[in-house]
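Colleague: next one to model:
(chains A, B, C and D)
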Protein chains: 2
Amino acid sequence: MSAKALKPTEGELEILQVLWDKGEATVREVHEELAKVKDIGYTTALKLLQIMYEKGLVSRDDSAKTHIYKPAVTREKTQKQLVGKMINTLFAGSPGQLVMQALGNHNASKEELDEIQRLLDSLKKPS
Amino acid sequence: MSAKALKPTEGELEILQVLWDKGEATVREVHEELAKVKDIGYTTALKLLQIMYEKGLVSRDDSAKTHIYKPAVTREKTQKQLVGKMINTLFAGSPGQLVMQALGNHNASKEELDEIQRLLDSLKKPS
DNA sequence: TCATTACTACGAATTTTATCGTAATAAATA
DNA sequence: TATTTATTACGATAAAATTCGTAGTAATGA
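Modeller: You can find the predicted model right below:
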């Protein structure tokens, strides 16, 4: 168990998305991505990144003038954390219900369905 | 499509949980449930319910002195809304990935796995 | 070199969410 | 009836999250 499970806020998640996708990015790059989707000022993005840095959600290389940010938490861990929380607060602790929801209401591709089938098989006959 | 998709906050979700479970409840009942889990004052619960009422998240019968609150949004709709959002913001739009996460990291019961299998079958060979 | 541009830092304002105290009143009860 | 208790309404405060302006400075390039 690493130190603490710091829950990213909504805005922080948006930034993490960008960083996960790109691997690393400057404030400018992050801002450009966010600006595609929503109205947001440059310094707002900067400030958020700075706060995330203080919280340990991102790391950064500030050896050059233009700092380069990287995610300090993995997508997987964050997914696990938030999915777990959602199972508890919205699905009465039942992961199966969440799966049913996700499968039933959203379109998964053939490939994904096959992948799920394989996982399901391995879960059904453990060894 | 009903009017708006008002996203409940964290605290509002906790209250909805109680209302969904009980069907309806007074402020006192809601407060008692919440108090089992966290420190919270009576008037805080009351205020939250009042705010939720203004937002249309709950309805209430205030014909008697003690008001009775009911959820005005269904668990299913709320689940759908929040799961959809999570798929977008955390799973790059891929419901399959969310399912993999939920199945892989959390223990689903045998019954749930079977149920998922049936759904999966129906998805794989559409009528 | 001087002016312009690109950054970061920082503080402040705003917005959203959560929390609670107090007052008013209805209901219960002594 | 008089007192206590239960309840709602309301406003104020606090806490958390978001947003942005301004200042300072490094880099760029005319």
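Colleague: can you pull the contacts of the nearest residue to A:Gly11 once chain neighbours are set aside?
Modeller: Among residues not flanking A:Gly11 along the chain, A:Leu48 sits closest, at 5.8 Å (CB to CB, 6 or more residues apart in numbering or on different chains). To be clear about C-beta, it is placed using only N, CA and C from the backbone, and glycine gets the same treatment. Contact partners of A:Leu48, counting by CB atoms under 8 Å, 6 or more residues apart in numbering or on different chains, are A:Gly11, A:Glu12, A:Ile15.
Colleague: tell me the confidence at the residue positioned nearest the centre of chain A?
Modeller: Per CA atoms, centre = their mean, the C-alpha nearest to the average position across chain A is that of A:Arg75, at 4.6 Å. pLDDT for A:Arg75: 95.
Colleague: now it. Nearest residue, chain neighbours left out?
Modeller: A:Arg75 sits nearest to A:Trp20 (CB to CB, 6+ apart), 4.8 Å away.
Colleague: just the element for the one you found, please.
Modeller: helix A:10-22 (DSSP states H and E).
Colleague: which stretches in chain A count as helices?
Modeller: A:10-22, A:27-37, A:42-55, A:75-90, A:95-105, A:110-124 (DSSP state H).
Colleague: deepest of those helices, which one?
Modeller: helix A:95-105 (a mean of 22; mean count of other CB atoms under 10 Å in any protein chain shown).
Colleague: is chain B contacted by that helix?
Modeller: Yes: shown here: helix A:95-105 in contact with chain B (CB under 8 Å from any CB of the partner chain) through A:Pro95, A:Gly96, A:Gln97, A:Leu98, A:Val99, A:Met100, A:Gln101, A:Ala102, A:Leu103, A:Gly104, A:Asn105.
Colleague: on that earlier part again, could you dump the helices of chain A into TSV with distance to DNA strand D added?
Modeller: Shown next, in TSV, are the helices of chain A (distance: least, CB to the nearest atom of the strand, whole Å):
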stretch	distance to DNA strand D
helix A:10-22	3
helix A:27-37	8
helix A:42-55	3
helix A:75-90	13
helix A:95-105	23
helix A:110-124	30
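Colleague: would you mind telling me which of these is nearest B:His31?
Modeller: Using CB to CB as the measure, helix A:75-90 is the one of those that comes nearest B:His31, at 18.1 Å.
Colleague: for that closest one, packing partners?
Modeller: helix A:10-22, helix A:95-105, helix B:10-22, helix B:75-90, helix B:95-105 (3 or more CB pairs under 8 Å, 6 or more residues apart in numbering or on different chains; DSSP states H and E).
Colleague: so what touches that helix?
Modeller: Contacts of helix A:75-90 (CB under 8 Å, 6+ apart): A:5, A:7-8, A:13, A:16, A:20, A:93-95, A:98, B:13-14, B:17, B:75, B:78-79, B:82-83, B:86, B:90-91, B:98, B:101-102, B:105-106.
Colleague: what does stretch A:91-105 give?
Modeller: A:83, A:86-87, A:90, A:116, B:79-80, B:83-84, B:87, B:95, B:98-99, B:102-103, B:106-109, B:111-113, B:115-116, B:119-120, B:123.
Colleague: I'd like the average pLDDT over that stretch.
Modeller: 93.
Colleague: kindly report the same for stretch A:20-34.
Modeller: Stretch A:20-34 carries an average pLDDT of 97.
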